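**Q** prediction below, plus the sequence it came from.
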Amino acid sequence: MSNVLTIDQGNSSTKVCVFDDDVMIASLRFAALSIEELFAIVEQYNVSNAIYCSVARMDIRMIESLRNSLNGNLIV
């Protein structure tokens, strides 16, 4: 099983969801999402692809770390 991670980085919080096909299997909200928390989610839910969007300043370090971890399977 491989799942898709969505990250919506807003001004006041970051919303993270995990999908198995078209079914949402997890929905989380963070005041500030750390790279460690992100990779715990990736591991826990066997994430193979991700989508990252932001209305705030993009976290380039997080984007590059996630892109490397997922072998480039990241849409920004």
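**A** Happy to help now that I have it.

**Q** which residues of the chain score low on pLDDT?
**A** 1 (pLDDT under 70).

**Q** how about the strands in it?
**A** Assigned by DSSP state E, the chain shows strands spanning 3-9, 14-20, 23-30, 47-54, 74-75.

**Q** dump those to a markdown table, plus mean neighbour count and distance to residue 41.
**A** Placement of C-beta: from N, CA and C, glycine included. Shown next, in a markdown table, are the strands of the chain (neighbours: other Cβ atoms under 10 Å; distance: least, Cβ to Cβ, whole Å):
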| stretch | mean neighbour count | distance to residue 41 |
| --- | --- | --- |
| strand 3-9 | 20 | 7 |
| strand 14-20 | 18 | 6 |
| strand 23-30 | 12 | 7 |
| strand 47-54 | 17 | 7 |
| strand 74-75 | 14 | 14 |
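
**Q** CSV for the ones you listed, including distance to residue 68?
**A** Below are the strands of the chain laid out as CSV (distance: least, Cβ to Cβ, whole Å):
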stretch, distance to residue 68
strand 3-9, 14
strand 14-20, 18
strand 23-30, 21
strand 47-54, 12
strand 74-75, 9
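
**Q** residue 39 is nearest to which of those?
**A** Nearest of the strands of the chain to residue 39, taken as Cβ to Cβ: strand 47-54 at 9.5 Å.

**Q** relative to that closest one, what are the paired strands and their orientations?
**A** Here strand 47-54 has these sheet partners by DSSP bridges: strand 3-9 (parallel), strand 74-75 (parallel).

**Q** among those, which comes closest to residue 37?
**A** Among the strands paired with strand 47-54, the nearest to residue 37 by Cβ to Cβ is strand 3-9 (11.1 Å).

**Q** now do that closest one: distance to the chain's middle.
**A** 4 Å (Cα atoms, centre = their mean, to the nearest Å).

**Q** and for that strand, what are the contacting residues?
**A** In this structure, residues lying in contact with strand 3-9 by Cβ atoms under 8 Å, 6 or more residues apart in numbering are 14-20, 25, 33, 38, 41-42, 45-56, 58-59.

**Q** what's the angle from that strand to strand 14-20?
**A** Counting by axes from the mean of the first three to the mean of the last three Cα atoms, to 10 degrees, strand 3-9 lies at 160 degrees to strand 14-20.
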